[in-house]
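Asks: pasting the structure only:
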């Protein structure tokens, strides 16, 4: 059935209302095949909200999806989540292995493909050592897949070149949590939304990128008219529409605004010395302990008036939002890529946390500094399993000898097996691949030829003949398929079993709903085969199946504060997600960390209410981070700012959402959003072709003229492989987190 | 043109009558009665009128409240073809405190 754009929107509107009452979508979705034979519990494949879904299976095929009423989303799903079934059966599914011969991918058997992969990896290691190979994974891979790959590389191959696309989306949040608390991951939970009286949303378009959480925030505001919403964003997004204060600012200057808020909070005596004197250390940017007086001196550079000059935000508005933040009984902050994808991403994260530490808005219902993630398993899969080049599982660091020794003992390895030097981070890794220094790369469940910044330089590297890339990718039309040497067909989402861990530390089991298509195999199965063929010691990789991997990972976590030993498979099958720490089978999971009586890592008779145990003295750190400009500020030649992001109907590189006709028709191609004033200046009307040019590349986009972007800013969504904005973006990265600055680069525009 | 999806919460004894009245309204499409007390409705109207449309439903006998679940205004364009995002949910909520997002 063909629907017009307008009909799609009506379906979306009706679906959202129907889902709220648990109604049957068949009354709006003509494609509905009737009541399924069975419902299977899983998690949505898209963003980091981690909505529970029930997959409807009929005659062995996925026919429908509905929200899991027992998971945190209480049965609600956004349109993307509700329209997943067509993706499973897309004609572009890769259902058998391929090998590139004479430039073309030709069908191969599993043995032929795996023999070739292993021969290339063995040759590279033999000739150039273990640091000449690498693994590049994904925040969409299952936890077991990330854990297994990490162990194969770091313990089996003695190679720390383990990276993944979460480096591109939330590495700065990891860096922020680590530097502020000594431990990664948010301390609160989604339930805090229902208790918050002020929401501080910065660098996040929740309404389009995390719609189910936005719905919960909006519902909270509606339930209590005294609840305040502050949205800090240079775009007037849908999220800003429910704001009491929308703070539009010159892109990249939010660090000055955050420091100015702290200044106001102290000046107005809205700070909480009882909290910070007991639980916080003040730190200079040079990592030296300081005192409150030094902090005040630092903040003198950020009076509201001074911050106004930097950011363009009226001083009075800075005062208002600072008071709103501090005066509320419980403030909850949300942020995502707007803060993370910056060369000062870690600092920006620290400065949001500072406001919570200064006011004591932390560790109580409704009070939390909450980083939202963009992928369904960036937290549970990559962050928690330590599948990045500098990490080890459960919050341990490669550079710390005691962490390596502890893990070697747990893994039954000889002391010194884990290489002491961290591997290459994502940008360095792909630079090395482009330079031919990395000889063999294993890419799993991600699309770097579309998602890397300044992507032309990396796709040129992927075309080299002297390096090798194996890609496990479900869709033939993913951009990276053009460049791989071997293409492996993985089982997709509902065709396999394993865990996703979402933004709130909630681990939920995805149960297998249907058999894999064609010759597809689960990535766990493929990785186990790879390890065996590579000759990795079977004592290091002793697993028979995905459940074995999970059981070992539970044990490995159990001596750390992540501890989720109590999350047995039996329990996961019954329950719709559990929040770690969860040390025992009868533990309900932990809503708030660092709080006595809630966090099982804190003895019940501990002397204080809070214990930030990530640091030896039990105190969190409040950092004095100065404002610093973006890597590429606008100038006379490139006078505007380009920023990128998502639209509600598409996700990441569009390899999934563009296969849903309703979603594809709603946004068939990328566009450039131009402010009305800028459009007038350049003679651009809605729908005109506009040439965007940065120092990297140029490209023509249709214009969408509106008042969403502030003057001087243009926005382009990044899902469209035919209009790939990452050819224009910048690969400068944060010194601490190594996350690239997708959100800001200089651009010039003209009518094409 | 704005499109809004919402639930109309009615007294159980009035649900049929409310559903019929809404179905008869020109800018409304209904999607059935649910749990004996909710009518699922999609309204289409220019954004300046959407508040009036909601108000019209609220005033029907038997309607307790309305819960908005979806709103889009992407089709709204001014005379130059620019998209004017002049609809403020905040204003809408202030005018209709019974509305739940």
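Replies: Sure thing, it's come through. Bear in mind that the values here come from a model prediction, so they are computed numbers and not experimental data. Residues are numbered from 1 along each chain as shown, chains lettered A, B, ... in the order given.

Asks: Endpoints of stretch A:677-696, how far apart?
Replies: Start and end residues of stretch A:677-696 are separated by 26 Å (C-alpha to C-alpha, to the nearest Å).

Asks: got the buried residues for it?
Replies: Buried residues in stretch A:677-696, counted by 16 or more other C-beta atoms under 10 Å in any protein chain shown: A:678-679, A:682, A:684, A:686, A:688, A:690, A:692-694, A:696. Where C-beta positions appear, they are placed from N, C-alpha and C, glycine not excepted.

Asks: neighbouring contacts of that stretch?
Replies: Here stretch A:677-696 makes contact (C-beta atoms under 8 Å, 6 or more residues apart in numbering or on different chains) with A:454, A:456, A:632, A:638, A:640, A:642, A:672, A:674, A:698-705, A:709, A:711-712, A:714, A:716, A:727-730, A:745-752, B:77, B:80-83.

Asks: Mind naming the longest helix for chain A?
Replies: Secondary structure of chain A per DSSP state H: the longest helix is helix A:110-128.

Asks: any idea where the strands of chain B begin and end?
Replies: Per DSSP state E, chain B carries strands over the ranges B:2-10, B:28-34, B:38-45, B:63-72.

Asks: For the residue in chain B that chain A sits nearest to, name its beta-bridge partners.
Replies: Nearest residue of chain B to chain A: residue B:5, at 2.9 Å (C-beta to the nearest C-beta). With DSSP bridges applied, residue B:5 shows beta-bridge pairing to residue B:42, residue B:70.

Asks: That one - how many residues pack around it?
Replies: Neighbours of residue B:5 under the rule other C-beta atoms under 10 Å in any protein chain shown: 29.

Asks: same thing with the one 4 residues further on?
Replies: Look at residue B:9: counted by other C-beta under 10 Å, it has 20 neighbours.

Asks: Looking at the buried residues of stretch A:677-696, which are in helices?
Replies: Residues of those located in helices (DSSP H): A:678-679, A:682.

Asks: Turn those into JSON lines, including distance to residue A:546 and pLDDT.
Replies: JSON lines is the format used below for these (distance: C-beta to C-beta, whole Å; pLDDT from 0 to 100):
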{"residue": "A:678", "distance to residue A:546": "52", "pLDDT": "98"}
{"residue": "A:679", "distance to residue A:546": "52", "pLDDT": "98"}
{"residue": "A:682", "distance to residue A:546": "54", "pLDDT": "98"}
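
Asks: how distant is stretch A:439-448 from the center of its chain?
Replies: 18 Å (C-alpha atoms, centre = their mean, to the nearest Å).

Asks: distance between the ends of that stretch?
Replies: The first-to-last residue distance of stretch A:439-448 comes to 17 Å (C-alpha to C-alpha).

Asks: what is the rounded mean pLDDT of that stretch?
Replies: Averaged over stretch A:439-448, pLDDT sits at 98.

Asks: what sits up against stretch A:311-322?
Replies: Contacts for stretch A:311-322 (C-beta under 8 Å, 6+ apart): A:200, A:230, A:232, A:245, A:247-250, A:253-254, A:256-257, A:260-265, A:268, A:270, A:303-305, A:307-308.

Asks: Please, a PyMOL command that selects the buried ones among the residues you listed?
Replies: To isolate the buried ones among the contacts of stretch A:311-322 in PyMOL, judged by 16+ other C-beta under 10 Å, type:
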select buried, chain A and resi 200+230+232+245+247+248+249+250+253+254+256+257+260+261+262+263+264+265+303+304+307+308
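
Asks: correct me, but residue A:527 touches residue A:150?
Replies: No - taking C-beta atoms under 8 Å as the definition, residue A:527 is not a contact partner of residue A:150, at 10.2 Å.

Asks: for chain B, what are the low-confidence residue spans?
Replies: B:1, B:47-48, B:51, B:65, B:68-101 (pLDDT under 70).

Asks: what about the longest helix in it?
Replies: Chain B, longest helix under DSSP H: helix B:47-58.

Asks: For the stretch 151-300 of chain A, give the residue positioned nearest to chain B.
Replies: Taking C-beta to the nearest C-beta, chain B has its nearest neighbour within the stretch 151-300 of chain A at residue A:218, 3.5 Å off.

Asks: Hmm, residue A:242 and that residue touching each other?
Replies: Yes - counting by C-beta under 8 Å, residue A:218 does reach residue A:242; the two are 5.4 Å apart.

Asks: quick check: domain ranges of chain A?
Replies: A:5-88, A:98-167+A:377-507+A:515-541, A:171-371, A:640-729 (automatic domain parsing).

Asks: same for the longest helix of chain A, what does it pack against?
Replies: strand A:98-101, strand A:133-137, strand A:440-444, strand A:468-472, strand A:486-488, helix A:523-534 (3 or more C-beta pairs under 8 Å, 6 or more residues apart in numbering or on different chains; DSSP states H and E).

Asks: which parts of the helix or strand that the fifth one is followed by are buried?
Replies: Next in sequence after strand A:486-488, counting helices and strands by DSSP states H and E, comes strand A:498-501. Residues of strand A:498-501 classed as buried: A:498-501 (neighbour count, 16+ other C-beta under 10 Å).

Asks: Around chain B, which positions in chain A sit nearby?
Replies: Within reach of chain B by C-beta under 8 Å from any C-beta of the partner chain, chain A has these residues: A:6, A:9-10, A:12-23, A:27-28, A:215, A:218-219, A:221-223, A:225, A:236, A:241-244, A:676, A:679, A:685-687, A:704-708.

Asks: Turn the buried ones among those residues into a named ChimeraX selection, would you?
Replies: Typed into ChimeraX, the line below selects the buried ones among those, using 16+ other C-beta under 10 Å:
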select /A:9,10,12,13,14,15,16,17,18,19,20,21,23,27,28,215,218,221,222,236,241,242,243,244,676,679,686,704,705,706,707,708
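
Asks: For burial, what's the neighbour tally of the closest residue to residue A:476 other than its chain neighbours?
Replies: Nearest residue to residue A:476 in three dimensions, chain neighbours excluded: residue A:92, at 4.6 Å (C-beta to C-beta, 6 or more residues apart in numbering or on different chains). As a burial measure, residue A:92 scores 14 neighbours (other C-beta under 10 Å).

Asks: Am I right that residue A:92 is in contact with residue A:473?
Replies: No - at 10.2 Å, residue A:92 does not count as touching residue A:473 under the criterion of C-beta under 8 Å.

Asks: Can you name the two of the buried residues of strand A:498-501 that sit furthest apart?
Replies: A:498 and A:501 (10.6 Å; C-beta to C-beta).

Asks: okay, and the common contacts of these two?
Replies: residue A:143.

Asks: Residue of chain A nearest chain B, please.
Replies: residue A:13 (2.9 Å).

Asks: Am I right that that residue sits in a helix?
Replies: Yes - judged by DSSP: H, G, I helix; E, B strand; the rest coil, residue A:13 forms part of a helix.

Asks: before we move on, the earlier item: for the residue nearest to residue A:476, what are phi and psi?
Replies: Dihedral pair for residue A:92: phi -80, psi 0, per degrees, to the nearest 10.

Asks: if we can go back for a sec, on the three-state scheme, the residue of the stretch 151-300 of chain A closest to chain B is what?
Replies: Under three-state DSSP, residue A:218 falls in the helix class.

Asks: hang on, residue A:740 packs against residue A:632?
Replies: No - using C-beta under 8 Å as the test, residue A:740 is too far from residue A:632 to be in contact (11.7 Å).

Asks: quick one on the thing from earlier: list the helices and strands the longest helix of chain B packs on?
Replies: In this structure, helix B:47-58 makes packing contacts with strand B:2-10, strand B:38-45, strand B:63-72, helix B:89-95, judged by 3+ C-beta pairs under 8 Å, 6+ apart.

Asks: what's the angle from it to strand B:38-45?
Replies: 150 degrees (axes from the mean of the first three to the mean of the last three C-alpha atoms, to 10 degrees).

Asks: how far off strand B:28-34 does helix B:47-58 point, in degrees?
Replies: Taking the same axes, to 10 degrees, one finds helix B:47-58 and strand B:28-34 inclined to each other by 40 degrees.
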